[in-house]
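Novice: Sequence plus the predicted model coming up.
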Amino acid sequence: MQEILDTFHPGLFAGRHVIVSGGSSGIGLSIAQGFARLGARVTATGSSEDKIAARQRDAQPGDPRFARLDVRDAEAVGRFMAEAGAIDVLVNGQGIARPGDEWDEATFAEVLDVNLTSAFRLTMAALPALKASRGAVVNVASMLSYLADAEVPSYTASKTGVLGLTRAMAHRFGPDGVRVNAIAPGYHRTDMTRALWSNPPDAERIAARSALRRWGTVDDLVGAAVFLCSPAAAFITGVALPVDGGFHTG
């Protein structure tokens, strides 16, 4: 990650408060750590008590602060954002997938709530603080915002919806100086994709379709998220930036 962060001024986010939901593992954790290393005060949330406890136990000075938050609970989200104080950046990184089970209506609804509705819920709760800071929001979409996977219909629908929500929010909140963009990860080595990258035939097939002929890492997403929240992107809003090594265009 350090090579990526060397692209930016080390104090770029000094004095800023960044909240990253889904920040206790995987993509969200890497993004949270990236902002922290650029000087931000970072609060990373997750739903697992065990993961949060482990992150808090191992935290070093300058690391993100970790807090448990169930993004499905509107009252809990409201309380959390009200107590957060100033908010300069919100990264909606929460996400789940239930391969093979999402054709069940209850499971479909659960995935949709976590991946899409909670991005709306979190942003609306943080909006007063974001307006005050003229802040930025980054939603985490997916290459399945553009493609399809019959094993995960709700994940596909929710991540496609993230693009529409991003555009609508950008126009709704733009007059208040709040920018809203998205990043769309491809195949990155995370716990969610472990079954694929740990199986050599699948791993090789996926890498071969990428224009860069490799899998992504979680650190590959840090620069894109930081850029979209930086002054360099001051006139960029309502866009989704694919970070997939060219996979979805192959």
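Specialist: Thanks, I have the structure now.

Novice: Mind pulling up the pLDDT for the residue positioned nearest the centre of the chain?
Specialist: Nearest to the geometric centre of the chain sits Gly93, at 2.6 Å (CA atoms, centre = their mean). What the model reports for Gly93 is a pLDDT of 97.

Novice: list the contacts for it?
Specialist: Counting by CB atoms under 8 Å, 6 or more residues apart in numbering, Gly93 touches 20-23, 27-28, 31, 140. Every C-beta, even on glycine, is put in place using the N, C-alpha and C of the backbone.

Novice: how close does it sit to Gly100?
Specialist: Gly93 sits 24 Å away from Gly100 when distances are taken as CB to CB, to the nearest Å.

Novice: Of the contacts of Gly93, keep whichever come out buried.
Specialist: 20-23, 27-28, 31, 140 (16 or more other CB atoms under 10 Å).

Novice: can you give me the strands for this protein?
Specialist: 17-21, 41-46, 65-68, 89-92, 136-140, 179-185, 240-243 (DSSP state E).

Novice: Dump the ones you listed into a markdown table; add distance to Ala170 as well.
Specialist: Listed next are the strands of the chain as a markdown table, based on distance: least, CB to CB, whole Å:
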| stretch | distance to Ala170 |
| --- | --- |
| strand 17-21 | 19 |
| strand 41-46 | 23 |
| strand 65-68 | 27 |
| strand 89-92 | 14 |
| strand 136-140 | 9 |
| strand 179-185 | 4 |
| strand 240-243 | 11 |
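
Novice: and Ala84, how far is that from Ser118?
Specialist: 16 Å.

Novice: Those two - which one has more neighbours?
Specialist: Each of Ala84 and Ser118 has its neighbours counted (other CB atoms under 10 Å); Ser118 has more, 24 against 16.

Novice: quick one on the thing from earlier: closest to Met169 out of the buried ones among the contacts of Gly93?
Specialist: When the buried ones among the contacts of Gly93 are ranked by distance to Met169 (CB to CB), Val140 comes first, at 13.9 Å.
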